[in-house]
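S.K.: Mind looking at a prediction? Sequence and model below.
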Amino acid sequence: MKTLAVLCAAALFLTAGCTLGPDFVRPEPPKAERYTYGPQPSATARAAGRSQEFRQGARVAARWWGLFKSPKVDAVVREAIVNSPGLLAAQAGLRQSQELLRAGEGVFYPQADAGFDATRQKFSQARFGGKAASSIFNLYTLSATVSYALDVFGGERRRVEGLGAQVDYQRYIMLGTYLSLSGNIINTMIAQAAYREEIRATGHLIDLEKEQISITEAQAEAGTVPYSNVLSLQSQLAAIEAALPPLKQKLSQANHLLAVLTGREPAQWRPPEIALADLTLPAELPVSLPSDLARQRPDILASEAQVHAASANIGVATAAMFPSFALNGSYGLESTSIGNLFKSTSSIWSLGAGVTAPLFHGGTLSAERRAAIEACNQSLQNYRQTVLGALAQVADTLRGLEHDAQALNAQSKAVSAAEEALRLIQANYQAGTVNYLQVLTADGLYYQAKISYIQAQAQWLQDTVALFAALGGGWWNEGEKAR
């Protein structure tokens, strides 16, 4: 009992040891107060009766896609969150890391095991210098062992700290997958709507070109225009028709991508159809401060978790250069017959402590520590690169939204001008001052302007999606509704 008391006191003393290696300190967030060089835009230009206001420091809704006010978009995103293999895999990765953390924490508790052995042996006294004849007997052993590793220098604590950082990393990887999934779904649905409208406009333009060719052919046969006019129109028609299959292919690819994103087989799932008019362009857009962005974006937080894990590995490598201590004890019963196994005379026990100190490893331990330090430096620089990339992405998106509004405004004016020109030519045609060929030409110009307008409209919507994704998607505000 005195020996046991001494060992317990030693355990309490040793477990109160130090924790080697640097304590993790979160990297400093960016100090800048804006994303762009020069004045940051506060609002976009007004285009097609709409504009967007950037609200600095406003909260980002967790379910930000609700701001587009499309029930079909909401339904597809909900389905994808349930069925997406990529998101389910990320969730499984998080659960795996959590279980590995729980497994790693077991090192702080005594390890107890029980065993039972039954053997038949032939024993000779010759190995001990005796001359007695060999004997054959049965031996039964029932035992329990307890061991406890004393984490004197904090190597195990740092190892568990690293496992905790891996849990954080997997959590942010899952959130990043969730953000990418929702953003890709909405972008794909916007692209679908744009492709459909472009296909319809292109089809109408092809019909107009064919009608124009038919009229020009009649004029050429009558000798009023050269046949080269027919050839020019046929060449123009061929160019327009050549643009139609790629549009249809892009629409098919968008449909297939949307099926895959929702965890469906393309042959067994028909995506819902929406029009660009079904989507509301959010009038107010939140813009987080750069310092907040570093604490919100999943990819930045995942990179920070890797820095944390690398920092903990320095402590693990440092502790490996110092002695390790362990306590162990065992108690059991041993007898040559089962009947006598549980008698007091059959009891056996042992109690002890051990220490292992590294003496010479050919420079391995110090090299491993230096490698851990450089791995931490690498992770830190990767973190800085991730932050810089995120800042640039937000800056690009803000400028993109500013330019999208300007482009849509210009395209809106082009459509209005083409529409007005078509109206005047149609009026002149009814008055008999122009021929029908001029009406068809004006109609074609109008639909060409309309296609460019559709593309500009879709780009503005997609860049709005890109801003929410660049800001991190608002997962930290889960429970709040988009307004």
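M.R.: Cool, got the structure.

S.K.: Would you map the strands across the stretch 201-350 of the chain?
M.R.: Remark: strands assigned in the stretch 201-350 of the chain by DSSP state E, counting those that start in this stretch are 284-287, 324-335, 347-356.

S.K.: how about these, which one is nearest Val434?
M.R.: Closest approach to Val434 among the strands of the stretch 201-350 of the chain is made by strand 284-287 (46.4 Å; C-beta to C-beta). Where you see a C-beta, it was placed from the backbone N, CA and C, and this is true even at glycine.

S.K.: and the residue lying farthest from the centre of the chain, what does it touch?
M.R.: What lies farthest from the middle of the chain is Lys131; by C-alpha atoms, centre = their mean that is 75.6 Å. With contacts defined as C-beta atoms under 8 Å, 6 or more residues apart in numbering, the neighbours of Lys131 are Gln125.

S.K.: which SSE is it in?
M.R.: Lys131 is part of no helix or strand, with elements assigned from DSSP states H and E.

S.K.: Equivalent analysis for Ala149, please.
M.R.: Per DSSP H and E, Ala149 falls inside strand 135-150.

S.K.: Return the most buried member of the strands of the stretch 201-350 of the chain.
M.R.: Using mean count of other C-beta atoms under 10 Å, the stretch among the strands of the stretch 201-350 of the chain with the greatest mean number of neighbours is strand 284-287 (a mean of 20).

S.K.: Quick one: distance of that one to the chain centre.
M.R.: Relative to the centre of its chain, strand 284-287 is centred 22 Å away, using C-alpha atoms, centre = their mean, to the nearest Å.

S.K.: show me where the stretch 51-200 of the chain has helices.
M.R.: Assigned by DSSP state H, counting those that start in this stretch, the helices in the stretch 51-200 of the chain fall at 71-83, 85-105, 155-222.

S.K.: Need the residues that contact the strand holding Ala149.
M.R.: Residues from elsewhere that reach strand 135-150 (C-beta under 8 Å, 6+ apart): 11, 14-15, 17, 107, 109-123, 156, 324-338, 341, 348.

S.K.: Show me what counts as buried in it.
M.R.: Residues of strand 135-150 classed as buried by neighbour count (16 or more other C-beta atoms under 10 Å): Tyr140, Thr141, Leu142, Ser143, Tyr148, Ala149, Leu150.

S.K.: Kindly report the same for stretch 197-210.
M.R.: Within stretch 197-210, judged by 16+ other C-beta under 10 Å, the buried ones are Glu197, Glu198, Ile199, Ala201, Thr202, His204, Leu205, Ile206, Leu208, Glu209.

S.K.: possible to save these as TSV with distance to Glu368 and pLDDT?
M.R.: Converted to TSV, these look like this (distance: C-beta to C-beta, whole Å; pLDDT from 0 to 100):
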residue	distance to Glu368	pLDDT
Glu197	61	95
Glu198	59	94
Ile199	61	95
Ala201	65	92
Thr202	64	93
His204	70	91
Leu205	68	89
Ile206	69	92
Leu208	74	87
Glu209	72	87
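
S.K.: neighbouring contacts of stretch 217-224?
M.R.: Stretch 217-224 is contacted by residues Val225, Pro226, Tyr227, Asn229, Val230, Leu437 when judged by C-beta under 8 Å, 6+ apart.

S.K.: Give me the buried entries from the residues you listed.
M.R.: For those, a burial check counting by 16+ other C-beta under 10 Å picks out Val225, Asn229, Val230, Leu437.

S.K.: The residue nearest to Arg297 when sequence neighbours are not counted in helix, strand or coil?
M.R.: In space, and not counting its chain neighbours, Arg297 is closest to Gly472: 4.1 Å by C-beta to C-beta, 6 or more residues apart in numbering. Assigned by DSSP: H, G, I helix; E, B strand; the rest coil, the conformation of Gly472 is coil.

S.K.: re the thing from before, where's the residue farthest from the centre of the chain relative to Gln125, distance?
M.R.: Going from Lys131 to Gln125 by C-beta to C-beta, to the nearest Å gives 7 Å.

S.K.: and the gap between the residue farthest from the centre of the chain and Phe137?
M.R.: 19 Å.

S.K.: sorry, back to before: show me which of the buried residues of strand 135-150 is closest to Gln52.
M.R.: Ala149 (59.6 Å).

S.K.: Enumerate the beta-bridge partners assigned to that closest one.
M.R.: Beta-bridge partners for Ala149, by DSSP bridges, are Ala326.

S.K.: Quick check, pLDDT for it.
M.R.: pLDDT, Ala149: 90.

S.K.: now do the one 10 residues further on
M.R.: According to the per-residue confidence, Arg159 scores 95 in pLDDT.

S.K.: again with Ala239
M.R.: Predicted confidence (pLDDT) for Ala239: 89.

S.K.: The one 10 residues further on now?
M.R.: According to the prediction, Gln249 has pLDDT 97.

S.K.: Distance to Ser182 for the buried residues of stretch 197-210 - can I get that in TSV?
M.R.: Formatted as TSV, the buried residues of stretch 197-210 follow (distance: C-beta to C-beta, whole Å):
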residue	distance to Ser182
Glu197	23
Glu198	25
Ile199	26
Ala201	29
Thr202	30
His204	34
Leu205	35
Ile206	36
Leu208	40
Glu209	41
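
S.K.: What is the nearest of those residues to Leu424?
M.R.: Closest approach to Leu424 among the buried residues of stretch 197-210 (C-beta to C-beta): Leu208, at 17.5 Å.

S.K.: Out of the strands of the stretch 201-350 of the chain, the one nearest Tyr383 is which?
M.R.: Using C-beta to C-beta, the nearest of the strands of the stretch 201-350 of the chain to Tyr383 is strand 284-287, at 22.5 Å.

S.K.: Spell out which helix or strand contains the residue nearest to His204 when sequence neighbours are not counted, please.
M.R.: Distances taken as C-beta to C-beta, 6+ apart place Tyr447 nearest to His204, at 5.6 Å, with adjacent residues excluded. Assigned by DSSP H and E, Tyr447 falls within helix 436-470.

S.K.: closest to Lys250 out of the strands of the stretch 201-350 of the chain?
M.R.: Nearest of the strands of the stretch 201-350 of the chain (C-beta to C-beta): strand 284-287, 27.5 Å.
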